[in-house]
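K.L.:
Structure here, sequence nowhere to be found:
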C-alpha cells in the first residue's frame with residue numbers, strides 16, 4: 001500500500017478514537033455506496049454524523065479540510081441518503097470534517113469541524 005494510503009488509514013483510526021473519546025458511537029467505517037465512500041458514520045445525541053477524514057503531512061498544498069471539494073460533498077450526500085434510507089433514520093443528520101495534520105516530530109493536531117457543509 002502506498003505511504004499516503006497508510007497515512008490516511010492511520011488518520012481514520014485516530015479520528016475514530018478521538019470521536020469515541022468525545023462520546024460518539026461508531027456505526028460504520030469506510031461505508032461504500034456506488035462511487036462514494038464515507039470514512040466514518042457516527043451517532044451522538046440522536047444525530048447521525050457523516051465524517052470525512054483528511055490527513056496530511058504538510059500544508060504545502062493547503063489545509064487537509066480544503067480537499068473536501070464540491071464533488072466529494074455531493075458523493076457523500078448520495079451515500080448518506082442511501083444510508084439514511086437503509087437505517088430508516090428519521091432524525092437529524094450532519095456532515096463533519098476531521099482534519100489531521102502531522103508534524104515532523106510525528107506529533108499531530110486534530111481539527112474537528114462540526115457541521116462543516118450541507119450538500120446542495
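P.N.:
Perfect, I can see it now. The shown structure was predicted, so the numbers you read here are calculated from the model rather than taken from an experiment.

K.L.:
Now do the SS call for the residue lying farthest from the centre of the chain.
P.N.:
Note on the chain: the largest C-alpha distance from the chain mean falls to residue 105, namely 24.5 Å (Cα atoms, centre = their mean). Per DSSP: H, G, I helix; E, B strand; the rest coil, the local secondary structure of residue 105 is coil.

K.L.:
ok, now how distant is it from residue 18?
P.N.:
19 Å (Cβ to Cβ, to the nearest Å). For every residue, glycine as well, the C-beta is placed using N, CA and C.

K.L.:
Can you pull out the low-pLDDT segments for this protein?
P.N.:
For the chain, the stretches flagged by pLDDT under 70 are 1-4.

K.L.:
hey, where'd the strands end up in it?
P.N.:
Applying DSSP state E to the chain gives strands spanning 25-33, 36-44, 47-56, 92-102, 108-117.

K.L.:
So for residue 8, which of those sits nearest?
P.N.:
Using Cβ to Cβ as the measure, strand 47-56 is the one of these that comes nearest residue 8, at 5.3 Å.
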